[in-house]
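Peer 1: predicted model, plus sequence, below.
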Amino acid sequence: MKPYLADPGKTKELLARHDFLIKKGYGQNFLIDPSVPEGIAAAAGLGPDDTVLEIGPGIGTLTQYLAASAGRVIAVEIDRKLEPVLADSLKGFDNVSIVWGDILKQDIPALLAGSGVTPPVKVVANLPYYITSPILMGLLKQARLFSSLTVMVQAEVGERMAAAPGSKTYGYLSVSVQYSARPRLVMSVPPHAFLPQPKVSSAVVRLDALDGPAVRCRNENFMSAVSKAAFLQRRKTLANALAGYHPLGVTREQAEEALTALGLDPRIRGERLGLAEFAALSDILWDMTHANDQEQKEISL
Ligand code: SAM
């Protein structure tokens, strides 16, 4: 079957045929410009050996393109009211299965195993923007399940994911994403490519999952908290930002000492640090703040 749905007339016809009311609360913005799903499928580099995990198939627009180039598509959709619509739009696309539910609540290894699929799979999605970060962070925590994630996000979010140290858009999202994946901006997408039009511009980003974390550190959660603290108050020096984030239990003096030990200016701002520096800094701070744990452990041994 050839994809046909990425068209304003066909989309409106399908919605009317099923009396379907678009739900803004679910981030429902359907693609109506064929060049966009074509571009997404091409960027994902799909072939007959690939299984795609699609998030939010909606009325099936992107799904048609994925089904036409991949071996299999497993699509997770929260809105059960779309059931008759998808049954209609995916008629003839025989390699698609729909899983009804919230992507944030899925046990993905179990879902794939239950479908007889061996990871890694490719994630492809025009994401619901209200939960972009929780979806991507949840998936990247299990990055080994995926070879790549090709996703439509708000343009600004795409820029933040791909940003380098020192740039205005570099922040906690950049560090978190780049810890497990290599991001690349693929294309910009204007609001008029969707029905209804979102208020913001969009971008397609491809994230290639790394074989393992980009950097090694003693404690991932601690490093994550250090980088979060660094960007919570961007205008402060890093030492002040770290001391001001109480869950870390770090004093300004300790933070300055750790920065000096790394050969960095103790008045540096967090936005200057790359991933390797965040890892090294968090290791020093971890040792400073958890020295007693180690002593306790050694005593109990
Ligand atoms: N893929 C379609 C397209 O490109 O035209 C629709 C994309 S639309 C931006 C996002 C889709 O995600 C909607 O169909 C929405 O119902 C679905 N969705 C929203 N929250 C979800 C969740 N928590 N889990 C799964 N799907 C969700």
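Peer 2: Sure, I can see it.
Peer 1: by contact count, what packs against the helix or strand Phe231 falls within?
Peer 2: In this structure, Phe231 sits in helix 220-232 according to DSSP states H and E. Counting contacts by 3 or more Cβ pairs under 8 Å, 6 or more residues apart in numbering; DSSP states H and E, helix 220-232 is packed against helix 172-180, helix 238-244, helix 275-289. Any C-beta I mention is one placed from the backbone N, CA and C, and that applies to glycine too.
Peer 1: which positions within the shortest one qualify as buried?
Peer 2: What that stands for is helix 238-244. 238-243 (16 or more other Cβ atoms under 10 Å).
Peer 1: do the same with stretch 197-209
Peer 2: 198, 202-207, 209.
Peer 1: and of the buried residues of helix 238-244, the nearest to Val189?
Peer 2: Ala241 (34.4 Å; Cβ to Cβ).
Peer 1: contacting residues around the closest residue in space to that closest one that isn't next to it in sequence?
Peer 2: Of all residues not flanking Ala241 in the chain, Gln233 sits nearest, at 4.9 Å (Cβ to Cβ, 6 or more residues apart in numbering). Contact partners of Gln233, counting by Cβ atoms under 8 Å, 6 or more residues apart in numbering, are 240-241, 244.
Peer 1: this protein: helices as residue ranges?
Peer 2: Under the criterion DSSP state H, helices of the chain are mapped to 8-17, 35-44, 61-69, 83-89, 108-114, 132-140, 155-162, 172-180, 220-232, 238-244, 252-261, 275-289, 291-300.
Peer 1: run the chain-centre distance for the longest one.
Peer 2: Read it as helix 275-289. 25 Å (Cα atoms, centre = their mean, to the nearest Å).
Peer 1: with the fifth one instead?
Peer 2: Put simply, helix 108-114 sits 19 Å off its chain's centre (Cα atoms, centre = their mean).
Peer 1: quick one: is it near the ligand?
Peer 2: No - using Cβ under 6 Å from any ligand atom, helix 108-114 stays clear of the ligand, with a minimum separation of 12.2 Å.
Peer 1: elements contacting that helix?
Peer 2: strand 51-55, strand 72-77.
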